[in-house]
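Visitor: the sequence isn't on hand, but the structure is:
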């Protein structure tokens with residue numbers, strides 16, 4: 001038997017592995033879901049109260065601006081709001097009662113239409129009679145065969161079959177107390193829920209700031225200014241979203257109600273209110289809201305005119321509201337991914353029933369907004385939001401790595417409606433290639449994969465060749481969340497759109513030769529991909545270029561390197577650790593082209609680094625650590641000694657304005 005080794009009290013205990021962490025997280029999620037299901041009688045009113053508070057908070061602020069005390073303003077708004085909700089509920093109940101009393105009158109019409117549909121097709125009557133015959137045959141076959149049993153000679157006759165006497169149990173006539181209980185019991189739960197909602201709404205509106213501070217304390221009080229601003233912004237956005245959505249859905253319900261009244265469909269107010277409520281349910285809400293009026297229209301009208309007019313009303317009103325009015329008012333998206341909307345609707349319906357289906361989208365929108373503003377809840381935005389889970393540079397690298405340059409170019413075309421070509425290259429493409437360089441340093445990218453990346457980058461650059469390096473004057477609104485996120489991440493100030501486009505007469509004498517700027521990849525194909533993008537941008541500014549691979553720097557190939565008319569050599573690197581390679585490359589180029597200017601473009605250095613150490617180690621004429629610096633130095637050198645120096649236009653952008 002081996003005794004365990006003595007524990008060192010100073011030794012640091014190792015945390016549990018990923019399996020322990022995953023099981024703990026799963027246990028917490030399961031506990032939360034169980035609590036939401038078991039306590040749904042409490043959590044449903046709380047959720048309704050939170051949503052009502054978001055809708056009513058702007059109205060309370062309006063009364064507060066009129067110098068009305070907070071308590072009086074809250075009570076006034078809550079009473080008016082719930083009085084309106086109660087009036088609508090009573091109207092729906094009245095309309096539903098009247099409709100229920102009229103339903104027997106529509107039964108004959110429905111039967112006649114079903115009969116006409118059965119016999120409307122060719123041979124319909126024959127098929128109906130054949131179905132009846134088969135049904136009768138089936139009944140005959142299901143009957144048990146009667147086989148007579150012969151009586152044995154002298155055997156006693158079987159006693160007659162004793163049939164049980166039917167017994168009926170009748171409940172005694174209910175008394176007054178039982179009748180009252182049967183009437184009140186179904187009303188207790190809705191009334192109790194309504195009372196809880198009203199109380200919670202009042203307290204949430206009265207203690208709004210205190211609840212916000214407590215939430216800040218739970219989520220992280222280390223940055224009060226940022227967290228407070230984030231929560232205030234989230235509350236303001238949610239209030240505007242829900243209030244606007246309520247106004248749009250109410251207007252849509254009003255249009256449907258008036259349209260059904262004009263068509264002659266019974267209970268138009270009921271269907272208008274129901275349509276406004278069901279429209280909060282994404283995708284299927286509009287279908288559900290149209291199903292009931294269509295059924296009633298088919299039952300009321302002996303013909304098909306009312307049904308067709310009702311269908312036309314919904315087919316026209318829904319696309320106009322969903323694809324014209326809503327995008328103009330609050331955009332095309334609620335901030336949730338389509339998959340998240342379906343999953344949320346399924347989850348909340350399973351958890352809380354029909355009320356969960358109505359609350360699914362508003363509740364999930366709340367979670368997404370909190371995930372975008374509270375750092376500890378960021379996973380909610382990743383799981384449920386419509387924003388890309390990866391950054392723009394990561395998506396670019398993934399598409400290039402997967403050999404899908406067409407998709408990368410297509411997304412770049414959308415971004416270039418708002419940003420310049422050089423800004424996209426600097427903040428998206430170069431950053432994506434930096435990720436590739438990091439993978440190459442780790443040894444997970446071989447030469448074949450890097451060659452594929454280079455070819456994909458060449459295709460993207462070639463597809464974007466029609467775009468000039470300038471900031472669009474009238475940018476178009478992005479059509480998807482990925483493009484919008486990429487535009488947000490693309491910093492126009494890092495581009496070169498403000499640098500002058502040189503005319504031939506602006507160039508110095510040495511730059512009027514064909515291809516005076518030579519780009520050489522420092523070490524591998526990733527460096528050559530950087531050279532491809534830089535060369536295109538510099539040509540957009542009026543200077544001709546040429547690109548050579550990294551193999552041209554070898555001792556054998558450098559003697560055959562063409563240097564005719566070269567005034568500037570740009571050595572491009574993504575690996576900032578290759579100091580020795582840079583130094584020997586500069587020495588070889590000095591011997592080959594002593595009159596040319598040699599510039600090292602090291603895009604791995606931080607933008608705030610000047611490259612002085614690299615200048616001292618490799619001895620080039622210039623060092624550029626950003627895309628913008630490389631273009632600016634090239635244009636300055638191209639106009640050195642000419643009559644027209646490079647003019648730099650200082651662009652000051654604030655809140656998207658130039």
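Guide: Looks like it arrived, so ask away. Being a predicted model, the structure only gives us computed values, none of them experimental.
Visitor: okay, CA-based contacts and neighbour counts for the rest of this
Guide: Noted.
Visitor: got a list of what the most centrally placed residue in the chain touches?
Guide: Relative to the mean C-alpha position of the chain, the nearest C-alpha, by CA atoms, centre = their mean, is the one of residue 386, at 1.0 Å. Under the criterion of CA atoms under 8 Å, 6 or more residues apart in numbering, the contact list for residue 386 reads 335-338, 481.
Visitor: could you dump those to TSV with neighbour count and pLDDT?
Guide: What follows is the contacts of residue 386, written out as TSV (neighbours: other CA atoms under 10 Å; pLDDT from 0 to 100):
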residue	neighbour count	pLDDT
335	18	67
336	23	72
337	19	73
338	16	73
481	18	73
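Visitor: against which helices or strands is the helix or strand hosting residue 486 packed?
Guide: In the assignment (DSSP states H and E), residue 486 maps to helix 481-489. In this structure, helix 481-489 packs against helix 392-401, helix 405-415, with contacts taken as 3 or more CA pairs under 8 Å, 6 or more residues apart in numbering; DSSP states H and E.
Visitor: burial of residue 563, as a residue count?
Guide: Burial of residue 563 is recorded as 17 neighbouring residues (other CA atoms under 10 Å).
Visitor: and it, what's its pLDDT?
Guide: What the model reports as pLDDT for residue 563 is 85.
Visitor: surely it forms part of a strand?
Guide: No. Checked against DSSP: H, G, I helix; E, B strand; the rest coil, residue 563 lies outside a strand; its state is coil.
Visitor: biggest helix in the protein, by residue count?
Guide: Counting by DSSP state H, the longest helix found in the chain is helix 70-120.
Visitor: got the domain boundaries for the chain?
Guide: When the chain is parsed with automatic domain parsing, its domains come out as 27-100+189-206, 222-384, 392-494, 504-638.
Visitor: chain center to stretch 496-503, what's the gap?
Guide: On the basis of CA atoms, centre = their mean, to the nearest Å, the separation between the geometric centre of stretch 496-503 and that of its chain is 37 Å.
Visitor: also stretch 536-555?
Guide: Here stretch 536-555 is found 40 Å from its chain centre; the criterion is CA atoms, centre = their mean.
Visitor: which other residues reach that stretch?
Guide: If you take CA under 8 Å, 6+ apart as the criterion, stretch 536-555 is touched by 421-422, 461, 465, 468-469, 499-504, 511, 514-525, 528, 531-532, 535, 557-558, 561, 585, 588, 631, 634-635, 638.
Visitor: one more time with 7 Å, if that's ok
Guide: Applying CA atoms under 7 Å, 6 or more residues apart in numbering, the contact partners of stretch 536-555 are 422, 468-469, 500-503, 514-524, 528, 531, 535, 558, 561, 585, 631.
Visitor: same check, this time on stretch 507-525
Guide: Contacts of stretch 507-525 with the rest of the structure, by CA under 7 Å, 6+ apart, involve 450-451, 454, 527-528, 531, 544-550, 565-573, 638-642.
Visitor: excluding chain neighbours, what is closest to residue 368?
Guide: residue 381 (4.8 Å; CA to CA, 6 or more residues apart in numbering).
Visitor: work out for me the element that neighbour sits within.
Guide: helix 378-384.
Visitor: the residue nearest to residue 368 contacts residue 375, correct?
Guide: No. Between residue 381 and residue 375 there is no contact, the gap being 10.1 Å when judged by CA atoms under 7 Å.
Visitor: remind me which residues of the stretch 451-600 of the chain are low pLDDT?
Guide: Filtered on pLDDT under 70, the stretch 451-600 of the chain yields the residue ranges 474-479, 576-577.
Visitor: what are the boundaries of the helices in it?
Guide: With helices called from DSSP state H, counting those that start in this stretch, the stretch 451-600 of the chain shows them at 481-489, 525-540, 579-592.
Visitor: just those: most buried one?
Guide: The densest packing among these, expressed as mean neighbour count by mean count of other CA atoms under 10 Å, is seen in helix 525-540 with a mean of 24.
Visitor: residue 534 versus the closest residue to residue 535 other than its chain neighbours, what's the distance?
Guide: Distance criterion CA to CA, 6+ apart; nearest residue to residue 535, sequence neighbours excluded, is residue 545 at 6.0 Å. Here the distance between residue 545 and residue 534 works out to 9 Å (CA to CA, to the nearest Å).
Visitor: thinking again about what came up before, distance to residue 212 added to the domains of the chain, as CSV?
Guide: Output for the domains of the chain, formatted as CSV (distance: least, CA to CA, whole Å):
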stretch, distance to residue 212
domain 27-100+189-206, 10
domain 222-384, 8
domain 392-494, 28
domain 504-638, 39
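Visitor: re the thing from before, burial count for the residue nearest to residue 368?
Guide: Residues near residue 381, counting by other CA under 10 Å: 25.
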